[in-house]
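Asks: sequence-free structure coming up:
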């Protein structure tokens, strides 16, 4: 049987300090992660807004407002909400709509698919097919599977893929300036 010996006051103090140091490290790491995530979504929101300047919608989804839909929980909500407070698209007020499932998706100019969205991509694409919606995603492989634009990280930098076939199928025209910046998916 093992003898139990209480920790000396010096050992208890060392253990407390080690525990505090670990807690501090985890808190700093988590805070750093949150700041990086906030930075990432601020950039994505800016990209989404700027895409509106380089994409031509052949058929307006709604003449009075420019609608950005979001499906899946995402940290992009707050940065987009900040943008819509002061910006417009072709003199149209920007409205953000949140969809909880593919069946809820209604007409919108842009639909952002969060990486946290667990619905099959085919269901989402089926709901938006032929409606002039720019589909933007942030899951690896989604551009190859049919989204028009997909955010990716390359060498720790935010980039985007463009699926020209998906853009054309949606009735959208992307400027050559935008496509020069994209990673083209064939």
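Replies: Cool, the structure landed. The structure displayed is predicted, hence computed values, not measured ones. Residues are numbered from 1 along each chain as shown.
Asks: hey, where'd the helices end up in the protein?
Replies: Along the chain, the stretches classed as helices by DSSP state H are 9-54, 77-86, 121-128, 142-145, 164-169, 176-181.
Asks: how about the fifth one: buried residues?
Replies: Across helix 164-169, burial judged by 16 or more other C-beta atoms under 10 Å covers 166-167. For the C-beta atoms, the positions are set from N, CA and C on the backbone; glycine is no exception.
Asks: about what we covered before: any idea which of the helices of the chain scores lowest on pLDDT?
Replies: Among the helices of the chain, helix 9-54 has the lowest mean pLDDT, at a mean of 65.
Asks: residues touching stretch 106-125, excluding its own?
Replies: Stretch 106-125 has contacts (C-beta atoms under 8 Å, 6 or more residues apart in numbering) with 48, 51-52, 57, 60-62, 66-74, 76, 89, 97, 99, 101-102, 105, 128, 131-139, 142, 145-147.
Asks: at 7 Å what do you get?
Replies: Stretch 106-125 is contacted from outside by 48, 57, 61-62, 66-74, 76, 97, 101-102, 105, 128, 131, 133-139, 142, 145-147, using C-beta atoms under 7 Å, 6 or more residues apart in numbering.
Asks: and if you look at stretch 49-57?
Replies: So stretch 49-57 is in contact with 83, 87, 89, 109, 132, 134, 149, 172-175, 177-178, going by C-beta under 7 Å, 6+ apart.
Asks: of the residues you listed, select the buried ones using a PyMOL command.
Replies: The buried subset of the contacts of stretch 49-57, as determined by 16+ other C-beta under 10 Å, is captured in PyMOL by this line:
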select buried, resi 83+89+109+132+134+149+172+174+178
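Asks: so can I have TSV of the contacts of stretch 49-57 showing distance to residue 117?
Replies: Below are the contacts of stretch 49-57 laid out as TSV (distance: C-beta to C-beta, whole Å):
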residue	distance to residue 117
83	21
87	25
89	24
109	19
132	21
134	16
149	15
172	21
173	26
174	23
175	28
177	29
178	24
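Asks: between which two of the contacts of stretch 49-57 is the distance greatest?
Replies: By the measure C-beta to C-beta, 83 and 173 form the most distant pair in those, at 22.9 Å.
Asks: which among the contacts of stretch 49-57 gets closest to residue 39?
Replies: residue 83 (15.3 Å).
Asks: circling back to that earlier point, among the contacts of stretch 49-57, which lie within strands?
Replies: 89, 134, 149, 172-174 (DSSP state E).
Asks: I'd like the residues you listed as TSV, with distance to residue 39 and pLDDT appended.
Replies: Below are those laid out as TSV (distance: C-beta to C-beta, whole Å; pLDDT from 0 to 100):
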residue	distance to residue 39	pLDDT
89	24	93
134	23	97
149	20	98
172	28	95
173	31	95
174	26	95
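Asks: looking at those, which is nearest residue 43?
Replies: residue 149 (13.7 Å).
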